[in-house]
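have a look; sequence and predicted model below, questions after that.
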Amino acid sequence: MGLFNFFNRKNGSANHMDGTDAAAQQLSESQGVFFEKDKPLNGAPAPDNNATSSQQGINLLFQFLEKNYEKKGYDDALINPDSTHLDQNIAALKNELQRTIRKVKTFYEDFIREINFHISSRARSGMIDTVEELNAKKETAESHIRQVLEIEQEANESRGVAEGIILSYTRGFRNGLAAISHHSIMNKNF
């Protein structure tokens, strides 16, 4: 409906609206032309600080490390009960861990670079309290990246929390092999 159609419309139109209702409807329809609703600036998605930190920070690494890989190993053994399959899947888990560590390290390196800019910029502006808050955030980020580097070192040496992934997957795979043997051999009557 055009803007001028409102004025040219006759009282006996099919809409059976009085002038106030028609004007309100037309205003709400035309609002979409002039305003973009619920769209953040620069076309970026609305920031969600909790989602960002859990998807990119140390929480992403801990989510990966805390998964129980025993069921995955069990299911993989039922699909292909070959020891080379076990070795390949362990290598794939290690590669996925390395990729996750790399993502987290990149996130913190970028964050620290960005926070350093803000610290120097706010310090030049004399914003002492803001600089102290930014320094506290930076210390937290540096602490997290030290933990990530420690986990990476342990993973390279096949020890520590990263070893839990391999143990869990291997246990599940072996349980799957045992289940195959139990089902196919032990349940047979002679």
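Yes, it's here.

okay, now the unreliable bits of the protein?
Flagging of the chain using pLDDT under 70 yields the residue ranges 1-55, 186-190.

please enumerate the helices of it.
5-8, 19-34, 49-56, 58-66, 70-79, 83-124, 128-156, 161-181 (DSSP state H).

now those as CSV including mean neighbour count?
From N, CA and C alone the C-beta is placed, and that goes for glycine too. Compiled in CSV, these are given as follows (neighbours: other CB atoms under 10 Å):
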stretch, mean neighbour count
helix 5-8, 10
helix 19-34, 11
helix 49-56, 12
helix 58-66, 17
helix 70-79, 17
helix 83-124, 15
helix 128-156, 15
helix 161-181, 17
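
how close does the residue nearest to residue 68 when sequence neighbours are not counted sit to residue 150?
Among residues not flanking residue 68 along the chain, residue 168 sits closest, at 6.0 Å (CB to CB, 6 or more residues apart in numbering). From residue 168 over to residue 150 the distance is 20 Å, taken as CB to CB, to the nearest Å.

repeat that for residue 184.
Counting by CB to CB - residue 184 and residue 150 are separated by 44 Å.

let me see the domain layout of this structure.
5-34, 55-186 (automatic domain parsing).

what's stretch 93-100 in contact with?
60-61, 64-65, 69, 152, 155, 162, 165-166, 169 (CB atoms under 8 Å, 6 or more residues apart in numbering).

my bad, stretch 128-144
So stretch 128-144 is contacted by 57-58, 108, 111-112, 115-116, 118-119, 122-123 (CB under 8 Å, 6+ apart).

can we see that at 10 Å?
With CB atoms under 10 Å, 6 or more residues apart in numbering as the test, stretch 128-144 has contacts from 53, 57-59, 61, 104-105, 107-109, 111-112, 114-125, 127.

that'll do, ta.
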